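Q: Only the shape, not the letters, is given here:
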């Protein structure tokens, strides 16, 4: 029996793995940081910081999670050849996400 009297709780192990952004994710990040909304946020003017954090969180996980029409209009200018967010057959392709590429190994 452990000091706290609990026998059934296993030891918890955590592993932190740092993953780089894919070139596509990096291009989208650069695009997003140059949008008028982000420029306003940086200047502390009319902005929605929680919305920006949510978009960046999605982007860092996988570009397919981003609603480009609503969150990043015009971002299709940085889409690589072969990327089509509307093509359901290609959803969550690991090549577009640094994190997914690491998990896919």
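A: Good, I have the coordinates. Bear in mind that the values here come from a model prediction, so they are computed numbers and not experimental data.
Q: what about the strands in the chain?
A: Using DSSP state E, no strands are found in the chain.
Q: Could I get the full set of helices for it?
A: Shown for the chain, the helices assigned by DSSP state H span residues 23-33, 36-43, 49-61, 68-71, 98-104.
Q: nearest to residue 85, of those?
A: Counting by C-beta to C-beta, residue 85 lies closest to helix 68-71 out of the helices of the chain; the figure is 6.0 Å. In this view, the C-beta of every residue, glycine as well, is placed from N, C-alpha and C.
Q: Mind listing what's buried along that closest one?
A: Across helix 68-71, burial judged by 16 or more other C-beta atoms under 10 Å covers 68, 71.
Q: just checking, residue 78 touches residue 28?
A: Yes. Taking contacts as C-beta atoms under 8 Å, residue 78 lies within contact range of residue 28: 6.1 Å.
Q: Comparing the two, which residue is more hemmed in?
A: Neighbour count, other C-beta atoms under 10 Å: between residue 78 and residue 28, residue 28 has more, with 24 against 17.
Q: I'd assumed residue 72 was in contact with that one.
A: Yes. Counting by C-beta under 8 Å, residue 72 is a contact partner of residue 28 at 7.0 Å.
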